[in-house]
Every structure is written in C-alpha cells, then in structure tokens.
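Novice: Could you work out the structure for the sequence below:
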Amino acid sequence: MQHSKMRSVIHRTEPVHDQPAKTKGSLGLGELIFIGVGGIIGAGFFLGSGLPIRTAGPSVLLSFLIGAFLTAQVTGALTSIATHHPVEGSFKVYADLYIGPFAGYMQGWIYYLASVLTIASEAVAMSVFTRVWVSGVPLWGFAIIYSTVILLINAFGVKSFGHVESLMSIVKTAALAGFVVFVAVVLLLGHASLGTPALPVVRSQGGFFPHGLSGVLQSMLIVVFAYAGIGVFATAAAEVRDAREIERGAQWTIVILTVLYVLSIGGLLLIEPWQTVSTKLSPFVLALEHAGMPMLAYIFNAVVLVASFSVMAGAVFSANQILVSLGKDHEAPQFVTKISKRDVPYGALASTTIGIFLAIGAAFILPSNLYNFLISASSFMTFFYWFLILWTFLKWRSTKEGKRSHVSRLAFGQPLSTVVTMIAIGVLTVYALFQNDQRLAFYAFVVLTVAISASYLFIRRKSVK
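Specialist: Residues are numbered from 1 along each chain as shown. Reported below is the predicted structural model:
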C-alpha cells in the first residue's frame, strides 16, 4: 500500500512533481466514470425527484443546474489534489494534512457514518419495492439479502467491484436515456392517452417559478442530495491505473450526470403536469403508467432497484476505504487495517457489515419517525464533508505545491467560485433550519457530531499517553 509513503511525500516543503502521480491501481478510465455515475444516480433521484418537482415546479431544472455547479466545484477541488496525490482515504487524508488532525478525524467519521446510513436506507427501500412482486417475504429478510450480496461483491476485490458497478451504471444510464427518447417520440408522433403536452398547462399555472425563488431554494435541499454520492468517485480515484485519468473521469462524470438529470426531468415535465407528480412513487414510473405503458413502467421499477443496489455497492466500497485510513491513523481499531492477499480490506468490511446490520435492525425496531430523522441527518453530513473538501482545497492552493500544480477545469473560477460554493452550502444549511422536518434532522446531526468530537478527545488523550 502507498498510503504512508504518499503522506511522507506530501509533507515535503517543495513540490514533488508538476505532473500527475502514477499509481498501480486496477481501475481504468471507463470503470472510474461508471463508478462515479453509479455511486450518484440512485433511489434519491429515481424516487426522490418528485418532491423537488412539486416544491419548485418547472424551475426545478434550474435547481438541478445549480446542484451540478456545486458538485462540479466540490469534485474539481478534490480531483485537483487527488491527481497529484491519489492516496487511499482521499479527502480524509487531505483534510488531515492541510487543515489538521481534528478536521481529518471528523471528515472521515462523518463520511463513514453517512455511508452506513445510506446503505441501510437503500436496502430498506429496495425491500419495500420488492414486496410489490413478492409479498410473502418479510421486509427485513430482503434487506439482509440485498446487503449480503453487496458485501460479497466488495469481498472479491476492487476489480470485481469495478465490473459490477460498471454494469449497473450502464443499466441506469440506458434507462434514463431511453426515457428521454420515449418522451421525444411521444412529442413527435403524439400519443392518444397523453393528449396535449403538459408544458402549456404549466405555463398557465404559475409560469416557470410557480413558488418563486423560495421554491428553488427549498428544492435545493433535496436536489443536492441527488449528487451526494460523489464521494464514491473520490475514494475510487486512488485505485486508478493512471492518475492522469482522474481529471478526465471527473469531467465526464459531471457532464453525464448533468445531461441525464436535466433531460430526464425536462422530459418528465413535458408529459406529466408538475402538479400531479407523485412524491411517494417514482415520478418516472407514474408518468409511464399514465402514458398507457404499464410494461415500461414495470421495467423502470426494476431499474430503480438496480439504482439502489448500485449506490449500496459504491457506498460500501468508499466506506471501507475511509475506515482503513482512519485505522492507519490510529483513529479506529487496528483490526480495520487488515488486508487480504486479494487486496480486500476484510477488517473494514467486517466492521462495515456490523454497522449495516445494526442500522437495518434499527430501521425495523425504532419508531419510524426517529429512524427517518437519523437518515435525514446524513444529508447534513453531506454538507459537512463537502464544505471541508472545499476548505482543504483552499489550504492546498496556498502551499508552494498547490500554487504550481494543475487545477481541475471543474474548479473553474477558483478561488472565488470555491468561496461562493462554501457560502451557498452554508445558506442552504441555514435555510433548512426554517423547515420543521429538516430542523429535527439537523438536531440529530448535531448530536452525532458532538459524539464524534468527544471520541476524538478520548483518542487524542490516549495517543498522548
């Protein structure tokens, strides 16, 4: 492993090189792109896009473009450093080095807990959807089955993970592209069951901003979460065969995501009035049903399952990478640093397995509202580690190496755009506090943050001794 070696290199005062570092990873450019796309497009978009559409109306398209800008800035900041220092642990290591050990500790554990909660919530969601076809099996049974399969995929190593994630990403991408083509055909040839396209109706009922700017801001709280899986791309970057491909992979990932999101949501608004979009079912599935295409709706529902499965796979992979990094810094039990001959972090994988099953158990034992608040708290965790990534980037740019190094095109306009993005994240966080449900989730996030901070004081005291 190169982890400790790379750290000693970064600590030098003079730049080590002006060109990107070379690695000995096992992932190629295509697999890196598919891991990035696959780790982001999940149930949060296929199922959760209904709520921002109802909140913002047609202006939700602007919300997704703003979300793409924020994601591009975060990804650009991260890949700028990762291209020169593709280490395991990624943004956790960079925060540790350029801001301080406490920031790195918080970054690592916040991201890890958010990943575990995401995996558990996706498993529970998949169980609910599967019950549509198979009603005799209890929900917790499906949740355990899906989680076990994902854990086994990761147990076979990075290469196996890359192949599986690439396949699932192709399925999701093809489904969204197919939906866009379907809408285009309907608009060109017409469809008896759809009648007049919904767009003229939208224009006559509130225009592009039916709920004003407030609707856009309120929808952003959910839209940004549709991009939250970008951390998977960051942790996978350390496994790329040639670090020079990280920049290209990041650019293609953001472009593909933005195009798919905007075109698919735009197409949805053309055939389904935004006022009738469901917030409980996938709006895409519902639109296909209203179009008289039950078989296509049935297939799309299966794609939603694949989407959740893919996000789970990526979250397990990145969670293990971060946990290994914490272990190597003596900020987690040393057992998590154990690596097999196949380069599988079986110690971290075992620990993540326990965490996932505990979270799934909580989903079926705790009152539903308490568990939902806990899951919602992971959204604030996303804001937290995004903010720290941008802060780390600014600190890195102030060093001699950072000033001389190539900066990703995704971080266009930096450092001003970086500061603007940090302010935007802060504004969205404050805006969320004015909504009751989000405010309760924020309290849960604060409790978890305080607990992690307290554990750092214990570990710090132990290290001093």
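
Novice: same question for stretch 428-447, mean pLDDT?
Specialist: Across stretch 428-447, the average pLDDT comes to 81.

Novice: Distance across that stretch, terminal residue to terminal residue?
Specialist: 20 Å (Cα to Cα, to the nearest Å).

Novice: For that stretch, buried residues please.
Specialist: Leu428, Thr429, Ala432, Gln438, Leu440, Ala441, Phe442, Ala444, Phe445 (16 or more other Cβ atoms under 10 Å). In this view, the C-beta of every residue, glycine as well, is placed from N, C-alpha and C.

Novice: May I see those residues organised as a markdown table, with distance to Gly267 added?
Specialist: Formatted as a markdown table, these follow (distance: Cβ to Cβ, whole Å):
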| residue | distance to Gly267 |
| --- | --- |
| Leu428 | 27 |
| Thr429 | 31 |
| Ala432 | 29 |
| Gln438 | 29 |
| Leu440 | 35 |
| Ala441 | 31 |
| Phe442 | 34 |
| Ala444 | 36 |
| Phe445 | 35 |
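
Novice: Next, please give the residue ranges for the helices of the stretch 51-200 of the chain.
Specialist: With helices called from DSSP state H, counting those that start in this stretch, the stretch 51-200 of the chain shows them at 60-84, 90-98, 101-130, 139-155, 158-189, 199-203.

Novice: how about the ones you listed in a markdown table, adding distance to Ile452, mean pLDDT and mean neighbour count?
Specialist: Below are the helices of the stretch 51-200 of the chain laid out as a markdown table (distance: least, Cβ to Cβ, whole Å; pLDDT from 0 to 100; neighbours: other Cβ atoms under 10 Å):
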| stretch | distance to Ile452 | mean pLDDT | mean neighbour count |
| --- | --- | --- | --- |
| helix 60-84 | 21 | 90 | 24 |
| helix 90-98 | 13 | 85 | 26 |
| helix 101-130 | 5 | 85 | 24 |
| helix 139-155 | 24 | 82 | 19 |
| helix 158-189 | 27 | 77 | 18 |
| helix 199-203 | 45 | 44 | 14 |
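
Novice: out of those, nearest to Ile246?
Specialist: Closest to Ile246 of the helices of the stretch 51-200 of the chain is helix 60-84 (Cβ to Cβ; 4.9 Å).

Novice: Could you check the angle the closest one makes with helix 90-98?
Specialist: Here helix 60-84 points in a direction 60 degrees away from that of helix 90-98 (axes from the mean of the first three to the mean of the last three Cα atoms, to 10 degrees).

Novice: between the buried residues of stretch 428-447, which is nearest Gln334?
Specialist: For those, the nearest to Gln334 is Phe445 (28.6 Å; Cβ to Cβ).

Novice: Doesn't the closest one belong to a helix?
Specialist: Yes. Under DSSP: H, G, I helix; E, B strand; the rest coil, Phe445 falls within a helix.

Novice: By residue count, which helix of the protein is the longest?
Specialist: Ordering each helix of the chain by length in residues (DSSP state H) puts helix 294-328 first.

Novice: Return the distance of the residue most central in space within the chain relative to Leu433.
Specialist: Nearest to the geometric centre of the chain sits Gly229, at 1.0 Å (Cα atoms, centre = their mean). Note on Gly229: its distance to Leu433, by Cβ to Cβ, to the nearest Å, is 24 Å.

Novice: can you check Tyr105 too?
Specialist: 26 Å.

Novice: before we move on, what about Ala362?
Specialist: Applying Cβ to Cβ to Ala362 and Leu433 gives a distance of 25 Å.

Novice: And for Met381?
Specialist: Taking Cβ to Cβ, one finds Met381 at 16 Å from Leu433.

Novice: What of Leu416?
Specialist: For Leu416, the distance to Leu433 - Cβ to Cβ - is 27 Å.

Novice: quick one on the thing from earlier: for the longest helix of the chain, buried residues please.
Specialist: Buried, per 16+ other Cβ under 10 Å, within helix 294-328: 296-297, 300-301, 303-328.

Novice: what about it, distance to the chain center?
Specialist: Remark: helix 294-328 is offset 10 Å from the chain centroid, using Cα atoms, centre = their mean, to the nearest Å.

Novice: Contacts for the following helix or strand past that helix, please.
Specialist: With elements assigned by DSSP states H and E, the helix or strand that comes after helix 294-328 is helix 346-365. Helix 346-365 is contacted from outside by 116-117, 119-121, 123-124, 139-140, 143-144, 147, 151, 154-155, 316, 319-321, 323-324, 327, 333, 335-340, 371, 374, using Cβ atoms under 8 Å, 6 or more residues apart in numbering.

Novice: mind listing what the closest residue to Gly44 other than its chain neighbours touches?
Specialist: Leaving aside its sequence neighbours, Gly44 sits nearest to Ala226 (Cβ to Cβ, 6 or more residues apart in numbering; 5.1 Å). Neighbour list for Ala226: Ile40, Ile41, Gly44, Phe45, Gly48, Ser49, Phe64, Gly67, Tyr261 [criterion: Cβ under 8 Å, 6+ apart].

Novice: what does Trp386 give?
Specialist: Leu70, Val74, Ile425.

Novice: got a pLDDT number for the closest residue to the first one other than its chain neighbours?
Specialist: Here the nearest residue to Leu70 in space, its sequence neighbours aside, is Thr421; by Cβ to Cβ, 6+ apart that works out to 5.6 Å. At Thr421 the predicted local distance difference test score is 95.

Novice: by how many degrees do the helix or strand hosting Thr421 and helix 60-84 diverge?
Specialist: Taking DSSP H and E as the criterion, the element that holds Thr421 is helix 416-432. Relative orientation of helix 416-432 versus helix 60-84 (the same axes, to 10 degrees): 130 degrees.

Novice: ok, the residue nearest to Leu70 to Phe69 distance?
Specialist: Here the criterion is Cβ to Cβ. By it, Thr421 lies 8 Å from Phe69.

Novice: before we move on, what about Gly231?
Specialist: Taken as Cβ to Cβ, the span from Gly231 to Phe69 is 18 Å.

Novice: tell me the contacts of Phe64?
Specialist: Phe64 neighbours (Cβ under 8 Å, 6+ apart): Val223, Ala226, Thr258, Tyr261, Val262, Ile265.

Novice: could you redo the last one with a cut-off of 7 Å?
Specialist: Neighbouring residues of Phe64 by Cβ atoms under 7 Å, 6 or more residues apart in numbering: Val223, Tyr261, Val262, Ile265.

Novice: Tell me which helix or strand the closest residue to Phe64 other than its chain neighbours sits in.
Specialist: The spatially closest residue to Phe64, leaving aside those adjacent along the chain, is Tyr261, at 4.9 Å (Cβ to Cβ, 6+ apart). Assigned by DSSP H and E, Tyr261 belongs to helix 245-271.

Novice: what angle sits between that helix and helix 158-189?
Specialist: 30 degrees.

Novice: okay, Glu331: pLDDT?
Specialist: With respect to pLDDT, Glu331 scores 90.

Novice: Same check on Ala313?
Specialist: With respect to pLDDT, Ala313 scores 78.
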